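S.K.: the amino acid sequence is not available; the structure is as follows:
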Ligand SMILES: CC(C)(COP(=O)(O)OP(=O)(O)OC[C@H]1O[C@@H](n2cnc3c(N)ncnc32)[C@H](O)[C@@H]1OP(=O)(O)O)[C@@H](O)C(=O)NCCC(=O)NCCS
């Protein structure tokens, strides 16, 4: 086990050499160390496609995140990643460590390798952050490392009258983003968190990795990029990125069709004041998030009774 702990070392990219004392040192150049993409693909099918898509948007994921690996003769045997994330929690900005892509090569599972890389990532994050967060389908695995489940809620706003879908000013960004990578980078670099209760501020790598295959809508007259999906009058709202956020009435006028219900997949404190949606009449209520990845935190995070949800670009 002592060997495993020593072997779980961070990989840094680029030309700068990082001194790690007596710990075995691994230096990697280029977009990804040999074999890492295959390892990640074995644990999380589709990752290679996302990494390539994010790369075409100008994001080199492996430069943004720090990788902790157990090296092996045919490539990495296990991996955990850590990314610093600027998270707004109840109105205050904190940098938290985002632990992700924990994976052991299938033929080496059950031998303590994931423990080695998780502990290495947590040790590194502990030096910089009071809090670590992650998303997982396997909360039992992480509870042994001090993580606890954070209950999450969506908020449904059922409108008295359908509204929206009138201006037709939305352009789909996804189709055109290759021609406008600077536009998205600029928007994300100057954005507000979509919620003061639990939101993420200026951040590009994880947003891009997670949203690069989703339809994104650029609303030029409002200066925001929106992640939303409209089906049968129900608008699932995942994120609104921009330096100034419009009010809900204005936003819905840009929806791709009439809206009878909005489902906020984040705390809607910027859009619903005291449960009221500006000029819109309706009824809002919170519903626990259904099946899917669970948000976990280690260290100070949201209040236990808070009705929050980490927005989709960071899940
Ligand atoms: C989950 C995974 C990373 C475990 O890797 P591993 O190298 O076999 O794990 P380890 O042997 O280091 O086990 C570490 C600890 O977690 C426990 N554990 C391992 N897999 C677990 C699981 N799926 N659920 C709950 N606990 C688990 C082990 O019992 C061990 O506990 P202990 O150290 O307290 O005795 C591996 O199965 C994998 O790559 N799965 C696919 C990707 C994935 O699901 N990643 C994690 C979810 S985000």
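M.R.: Received, thanks. Owing to the predicted nature of the structure, the values given are computational and were not obtained by experimental measurement.
S.K.: how close does the residue nearest to residue 237 when sequence neighbours are not counted sit to residue 132?
M.R.: Using CB to CB, 6 or more residues apart in numbering and skipping the chain neighbours, the partner closest in space to residue 237 is residue 228 (5.0 Å). Placement of C-beta: from N, CA and C, glycine included. The gap separating residue 228 from residue 132 is 30 Å, by CB to CB, to the nearest Å.
S.K.: same deal with residue 285?
M.R.: Taking CB to CB, one finds residue 285 at 31 Å from residue 132.
S.K.: those two: who's more crowded?
M.R.: residue 132 (24 against 12; other CB atoms under 10 Å).
S.K.: dump the residue contacts of the more buried one.
M.R.: Contact analysis of residue 132 by CB atoms under 8 Å, 6 or more residues apart in numbering lists 82, 96-99, 122, 125-126, 147, 297-299.
S.K.: cool, residue 164 as well?
M.R.: 235, 252-255, 257-259.
S.K.: helices of the protein, start to end?
M.R.: In the chain, the helices defined using DSSP state H lie at 2-7, 36-43, 47-56, 61-64, 113-128, 139-143, 173-176, 181-189, 205-211, 248-253.
S.K.: what pLDDT, on average, does the fifth one get?
M.R.: Right, the one you point to is helix 113-128. Mean pLDDT, helix 113-128: 93.
S.K.: where do the strands sit along the stretch 201-315 of the chain?
M.R.: 217-219, 224-231, 234-241, 259-264, 282-288, 294-298 (DSSP state E, counting those that start in this stretch).
S.K.: just send the ones you listed back as a markdown table, with mean pLDDT too.
M.R.: Formatted as a markdown table, the strands of the stretch 201-315 of the chain follow (pLDDT from 0 to 100):
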| stretch | mean pLDDT |
| --- | --- |
| strand 217-219 | 88 |
| strand 224-231 | 94 |
| strand 234-241 | 97 |
| strand 259-264 | 96 |
| strand 282-288 | 91 |
| strand 294-298 | 98 |
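S.K.: reformat those as JSON lines; add distance to residue 90.
M.R.: Shown next, in JSON lines, are the strands of the stretch 201-315 of the chain (distance: least, CB to CB, whole Å):
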{"stretch": "strand 217-219", "distance to residue 90": "28"}
{"stretch": "strand 224-231", "distance to residue 90": "23"}
{"stretch": "strand 234-241", "distance to residue 90": "19"}
{"stretch": "strand 259-264", "distance to residue 90": "17"}
{"stretch": "strand 282-288", "distance to residue 90": "16"}
{"stretch": "strand 294-298", "distance to residue 90": "13"}
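S.K.: tell me which of the ones you listed sits nearest to the ligand.
M.R.: strand 294-298 (9.8 Å; CB to the nearest ligand atom).
S.K.: how much space between the nearest residue to residue 42 once chain neighbours are set aside and the ligand?
M.R.: What sits nearest to residue 42 in space, not counting adjacent residues and going by CB to CB, 6+ apart, is residue 106, at 6.0 Å. According to CB to the nearest ligand atom, to the nearest Å, residue 106 stands 7 Å off from the ligand.
S.K.: residue 106 touches residue 41, doesn't it?
M.R.: No. Using CB atoms under 8 Å as the test, residue 106 is too far from residue 41 to be in contact (11.4 Å).
S.K.: okay, and for this protein, where does confidence drop off?
M.R.: 1-33, 166-171, 173-179, 275 (pLDDT under 70).
S.K.: tell me the contacts of residue 284?
M.R.: Residue 284 touches 155-158, 268, 272, 275, 277, counting by CB under 8 Å, 6+ apart.
S.K.: skip the chain neighbours and tell me the closest residue to it.
M.R.: Nearest non-adjacent residue to residue 284, counting by CB to CB, 6+ apart: residue 157, 4.5 Å away.
S.K.: returning to what we had before: buried deepest among the helices of the chain, which one?
M.R.: helix 205-211 (a mean of 23; mean count of other CB atoms under 10 Å).
S.K.: contacts for that helix?
M.R.: Counting by CB under 8 Å, 6+ apart, residues outside helix 205-211 touching it are 50-51, 54, 57, 59, 61, 64-65, 83, 85, 98, 184, 188, 200, 227, 239, 241, 312-315.
S.K.: up against the ligand, what does the protein have?
M.R.: Neighbours of the ligand within the chain, by CB under 6 Å from any ligand atom: 43, 78, 102-104, 109-115, 136, 138, 140-141, 144.
S.K.: which ones are touching the residue in the stretch 151-300 of the chain that the ligand sits nearest to?
M.R.: Across the stretch 151-300 of the chain, the shortest distance to the ligand (CB to the nearest ligand atom) belongs to residue 293, at 8.0 Å. Applying CB under 8 Å, 6+ apart to residue 293 gives the contacts 135-137, 315.
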